[in-house]
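J.: could you work out the structure for the sequence below:
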Amino acid sequence: MTLFSSVTWRRLAAGLLLASASPSLAATPGLAATADALKVHYAVTLIGLPVGTAMVSGWVEPSGYRIEASARLAGLASLMSSSKGAATATGGMAGARVAPASYATTSSNSTMSRTLRMAMNAGTVSGVEISPPFDPSVPRVPVSDTDKHNIVDPLSAFVMTVPAGGDLVGPGACNRTLPIFDGATRFDLSLNFVGTRHVETKGYNGDVSICSARYKPISGHRADGKATQFMADNKSLEVWLAPLAGTRVVFPYRISVLTMLGTTVVEADEFSVGPTARAANSVH
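T.: Numbering: from 1, shown residues only. Reported below is the predicted structural model:
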């Protein structure tokens, strides 16, 4: 399995790479009436070696949102594989929660390409199309109708809100469970506050919340999947969340995941928010 295989890409988008990212992109006090544009460029390393890049961009306003993400191998890794992936999510707002409407992702390598499209209505999946479909002979934990209710797709879960009155850096930024369905697998991502740190990169200079993360598979995964069991037992998952000034929103700044190949780190090296919601404490 390559770094950006179809399964790994969906987990990357959810994590990108966990948190990847649940009530999110919410229309909360402090969110401007006009659309807020966000663009974050990430460097991806494996055991400290550069292996890829990723980009997340989009906009959010009280009536809706659109988030796009892409990732590809780079450096020496690109000489061994041409794997890449992209995803898009759109939706509206329902009070203080997102109402996802669509999610699409495409992953490809030198031998094949797979596209997944999912339609939703207020957190309930109304349709999924996967082309080509996954091998039906592979035993998977069945996805029930219940598993398709009260969920968010990986990208709609990517930007998270902090309850009114809570500190943008602190426990309120982290403590939550994200009910993710990516069109094929249902899983929870639980985040818990462990501390803070000061960081600086192009476009952002300020404090971030450090959250430990745990992955809980629900359905859709391989019944005998060693990678799934490894991730379920994995306690070496961490997400850093940066606040966006003028909003109650936090966004993944850094994600660290111990994989079966070593530790993968996805870290922002350029952070841009304009013009009505600038990154908190930004000095660039």
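
J.: contacts and neighbour counts: CA atoms only from here.
T.: OK.

J.: paired strands for the one helix or strand A101 maps to, with orientation please.
T.: Secondary structure from DSSP states H and E places A101 in strand 97-108. Here strand 97-108 is paired, per DSSP bridges, with strand 84-94 (antiparallel), strand 113-121 (antiparallel).

J.: pull out the buried positions in the longest one.
T.: What that stands for is strand 84-94. K84, G85, A86, A87, T88, A89, T90, G91, G92, M93, A94 (16 or more other C-alpha atoms under 10 Å).

J.: adding distance to N150 and pLDDT, write those residues out as TSV.
T.: Below are the buried residues of strand 84-94 laid out as TSV (distance: C-alpha to C-alpha, whole Å; pLDDT from 0 to 100):
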residue	distance to N150	pLDDT
K84	30	80
G85	26	88
A86	24	91
A87	21	93
T88	20	94
A89	16	94
T90	16	93
G91	14	90
G92	15	84
M93	14	72
A94	13	70
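
J.: the strands paired with strand 97-108 into JSON lines, with extra columns for distance to A71?
T.: As requested, the strands paired with strand 97-108 are exported to JSON lines (distance: least, C-alpha to C-alpha, whole Å):
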{"stretch": "strand 84-94", "distance to A71": "5"}
{"stretch": "strand 113-121", "distance to A71": "14"}
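
J.: T247: which of these is closest?
T.: In terms of C-alpha to C-alpha, the element of the strands paired with strand 97-108 nearest to T247 is strand 84-94, at 15.2 Å.

J.: just the pLDDT for A277.
T.: Predicted confidence (pLDDT) for A277: 41.

J.: before we move on, what about T2?
T.: For T2, pLDDT reads 36.

J.: check L49 too.
T.: 89.

J.: go on, T264?
T.: 92.

J.: residues contacting the residue nearest to A268 when sequence neighbours are not counted?
T.: Leaving aside its chain neighbours, A268 sits nearest to Y42 (4.2 Å; criterion: C-alpha to C-alpha, 6 or more residues apart in numbering). By C-alpha atoms under 8 Å, 6 or more residues apart in numbering, the contact list for Y42 reads T53, A54, M55, V266, E267, A268, D269, E270.

J.: returning to that earlier point: quick one: closest of the strands paired with strand 97-108 to T185.
T.: Between the strands paired with strand 97-108, strand 113-121 lies closest to T185; by C-alpha to C-alpha that is 11.9 Å.

J.: for that closest one, list the C-alpha coordinates in CSV.
T.: Extracted in CSV, the C-alpha atoms of strand 113-121 (Å, rounded to 0.1, in the frame of the first residue of the first chain):
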residue,chain,number,x,y,z
SER,A,113,-7.4,5.7,-10.1
ARG,A,114,-10.4,5.6,-7.8
THR,A,115,-13.1,8.2,-7.3
LEU,A,116,-15.6,8.4,-4.4
ARG,A,117,-18.6,10.7,-4.3
MET,A,118,-21.0,11.1,-1.4
ALA,A,119,-24.2,13.1,-1.0
MET,A,120,-25.5,14.1,2.4
ASN,A,121,-28.5,15.8,4.0
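
J.: next one: the following helix or strand past that strand to chain centre, how far?
T.: Moving toward the C-terminus from strand 113-121, the first helix or strand encountered (DSSP H and E) is strand 124-131. Put simply, strand 124-131 sits 19 Å off its chain's centre (C-alpha atoms, centre = their mean, to the nearest Å).
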